[in-house]
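Undergrad: Pasting a predicted model and its sequence here:
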Amino acid sequence: MQRMKLNTPAGSTEIVVGEHLWSDLKSLGQEAVLLVDEHVLCQHHDIFETFRTITVPSGEQYKTLQTVESIYRELVKLEADRSTMLVGVGGGLATDVAGFVASTYLRGVPFGFISTTLLGQVDASIGGKNGVNLDGYKNMVGNFRQPSFVWCDLSLLSTLANREYVSGIAEVIKYGAIWDVQFMEYLEKHMELLLTQEIEVLEHVVSVSAAIKVDVVEKDEKESDLRRILNFGHTMGHAIERHQKVLHGEAVGMGMIMAAQLSNNLGLLPSAEVDRLQQIVSSAGLPVEMRLDPDELFLNIRKDKKKSGEFVHFVLLDGPGSTVIKPIALTELKSMIHDLC
Ligand SMILES: NC(=O)c1ccc[n+]([C@@H]2O[C@H](COP(=O)([O-])OP(=O)(O)OC[C@H]3O[C@@H](n4cnc5c(N)ncnc54)[C@H](O)[C@@H]3O)[C@@H](O)[C@H]2O)c1
């Protein structure tokens, strides 16, 4: 088991990575209310049966203010008050919703997460960004508030669909690419064991990834500067996600390769490093080729909420484990995307 702490001016979070952490739920007391992802509740019903639970529906189409409102109503029925601990249990969707509910119900109640997807454990549950979608636009309404704890329960990953698990590996590879060359080497050597959820490898990978996210968030909680590097592969990735039926990590894997190619085209990164990234993404079983329409991709990047004016701030690589953020004018980007597709 690994423990670490995330400290920011807004609050601190205890993060634990290990197996069967759910067995500690009783330490929170019977008054706690669990907001549990519907599939997690169904697959692990016995874990939660002695607790007060509210189901969080699965699927991005339910990550809405309507879902938030219906959870508020259930909390009122349960007579949840200012001292009630809310625990979000699930992947990034359930924890984003639970964090938002907990930060707004009665102007804020204590909350923590049990993260049950790989993407949630290495990324979404850590860092205090909570929120929901609006009219199909992702995470348009939300806030920053740190949970008091995040338990990354590795044993719960066994029921996660393999495609969802592999999708989470894209975010793991991202940390190696942007931050830690040794971690990238470790992933290159241990990918097969990671794919089979070998426990020592899994614990190491989740702990190192979580520690990198903690490091970045502690230096820049509100994403004014350094935290932007976590968007490596995401500008293209989000644009791909909007016009292809792929999972987030699948789009991010492809987006990272395209960002690396762009870095190479701009003379920042040797082509051997682009090949290396492509190789590791492929070894995880993530797609490395997609039929993409460059005009569609460009239109979707224009809609990106992280675009500022006529520029997109692209996270590029200028070496293994090293990033540079470059503003690229939309006028230039169009032809660059045509070159990449
Ligand atoms: N807050 C942040 O910083 C942040 C960062 C990245 C992503 N996100 C958000 O995270 C969400 C994606 O998260 P995700 O990839 O974890 O997807 P998810 O939460 O939608 O879960 C994926 C699927 O797996 C199921 N599931 C979850 N855990 C399971 C388990 N242990 N066993 C069986 N089934 C299980 C869910 O019901 C769902 O069908 C998006 O809404 C995204 O916007 C937030």
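TA: The structure has been received and is ready for your questions.

Undergrad: what's the closest non-adjacent residue to F51?
TA: L34 (5.1 Å; CB to CB, 6 or more residues apart in numbering). Using the backbone N, CA and C atoms, a C-beta is placed for each residue, glycine as well.

Undergrad: where does the one you found land in three-state SS?
TA: Here L34 takes the strand state, with states given by DSSP: H, G, I helix; E, B strand; the rest coil.

Undergrad: Tell me what it is bridged to.
TA: T53, V87 (DSSP bridges).

Undergrad: Test my guess that it contacts V87.
TA: Yes - between L34 and V87 a contact is recorded at 4.8 Å, counting by CB atoms under 8 Å.

Undergrad: who touches both of these two?
TA: L25 (CB atoms under 8 Å, 6 or more residues apart in numbering).

Undergrad: what's the spacing between the residue nearest to F51 and L86?
TA: To L86, L34 is 8 Å away according to CB to CB, to the nearest Å.

Undergrad: Could you do L299 as well?
TA: 39 Å.

Undergrad: The two: which is more packed in?
TA: Ranked by neighbour count (other CB atoms under 10 Å), L299 and L86 place L86 first, with 24 against 14.

Undergrad: residues contacting that one?
TA: By CB under 8 Å, 6+ apart, the neighbours of L86 are 32-35, 75, 80, 98, 101-102, 105, 109-112.

Undergrad: ok, which stretches of the protein are strands?
TA: 2-8, 11-18, 33-37, 52-56, 86-90, 111-115, 129-134, 137-144, 149-153, 311-319, 322-329 (DSSP state E).

Undergrad: export those strands to CSV and tack on distance to N264?
TA: Conversion of those to CSV gives the following (distance: least, CB to CB, whole Å):
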stretch, distance to N264
strand 2-8, 34
strand 11-18, 35
strand 33-37, 39
strand 52-56, 42
strand 86-90, 38
strand 111-115, 35
strand 129-134, 31
strand 137-144, 29
strand 149-153, 34
strand 311-319, 9
strand 322-329, 13
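
Undergrad: Rebuild these as TSV, extending it with distance to the ligand and mean pLDDT.
TA: What follows is those, written out as TSV (distance: least, CB to the nearest ligand atom, whole Å; pLDDT from 0 to 100):
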stretch	distance to the ligand	mean pLDDT
strand 2-8	12	96
strand 11-18	13	96
strand 33-37	5	98
strand 52-56	9	97
strand 86-90	5	98
strand 111-115	8	98
strand 129-134	4	95
strand 137-144	5	91
strand 149-153	8	98
strand 311-319	15	92
strand 322-329	18	92
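
Undergrad: Those: which one's closest to K219?
TA: strand 2-8 (9.6 Å; CB to CB).

Undergrad: got the buried residues for the closest one?
TA: M4, L6, T8 (16 or more other CB atoms under 10 Å).

Undergrad: pretty sure the second one is touching I15, no?
TA: Spelled out, that is L6. Yes - using CB under 8 Å, L6 is in contact with I15, at 6.3 Å.

Undergrad: Mind listing the shared neighbours of the two?
TA: With CB under 8 Å, 6+ apart, L6 and I15 have common neighbours I126, V214.

Undergrad: Show me which residues of the chain sit near the ligand.
TA: Residues of the chain that fall close to the ligand, judged by CB under 6 Å from any ligand atom: 37, 39-40, 43, 58, 60, 63, 90-94, 96, 116-117, 119-120, 123-124, 127, 129, 138-139, 156-157, 159-160, 164, 248.

Undergrad: And those, which of them are buried?
TA: Here, 16+ other CB under 10 Å leaves 37, 39-40, 58, 63, 90-94, 96, 116-117, 119-120, 123-124, 127, 129, 138, 156-157, 160, 164, 248 buried among the residues of the chain next to the ligand.

Undergrad: helices or strands next to the longest helix anywhere in the chain in the packing?
TA: As assigned by DSSP state H, the longest helix anywhere in the chain is helix 199-219. Secondary-structure packing of helix 199-219 (3 or more CB pairs under 8 Å, 6 or more residues apart in numbering; DSSP states H and E): strand 2-8, strand 11-18, helix 162-178, helix 181-195.

Undergrad: what does that helix contact?
TA: Contacts of helix 199-219 (CB under 8 Å, 6+ apart): 1-2, 4-8, 15, 17-19, 118, 121-123, 126-128, 152, 154, 157, 171-172, 175, 179-180, 183, 186-187, 190, 193-194, 226-227, 229-230.

Undergrad: could you redo the last one with a cut-off of 6 Å?
TA: Defining contact as CB atoms under 6 Å, 6 or more residues apart in numbering, one finds that helix 199-219 is touched by 2, 4, 6, 15, 17, 121-122, 126-127, 152, 154, 172, 175, 179, 183, 190, 193-194, 226-227.

Undergrad: cool, stretch 30-49 as well?
TA: Residues contacting stretch 30-49 (CB under 6 Å, 6+ apart): 22, 51-58, 80, 84-90, 94, 98, 116, 159.

Undergrad: Of these, select the buried ones using a ChimeraX command.
TA: Selection of buried members from the contacts of stretch 30-49 for ChimeraX, criterion 16+ other CB under 10 Å:
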select :22,51,53,54,55,56,57,58,80,84,85,86,87,88,89,90,94,98,116
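
Undergrad: How about the stretch 151-300 of the chain: which residue is closest to the ligand?
TA: Proximity of the stretch 151-300 of the chain to the ligand (CB to the nearest ligand atom) peaks at T159, 3.6 Å away.
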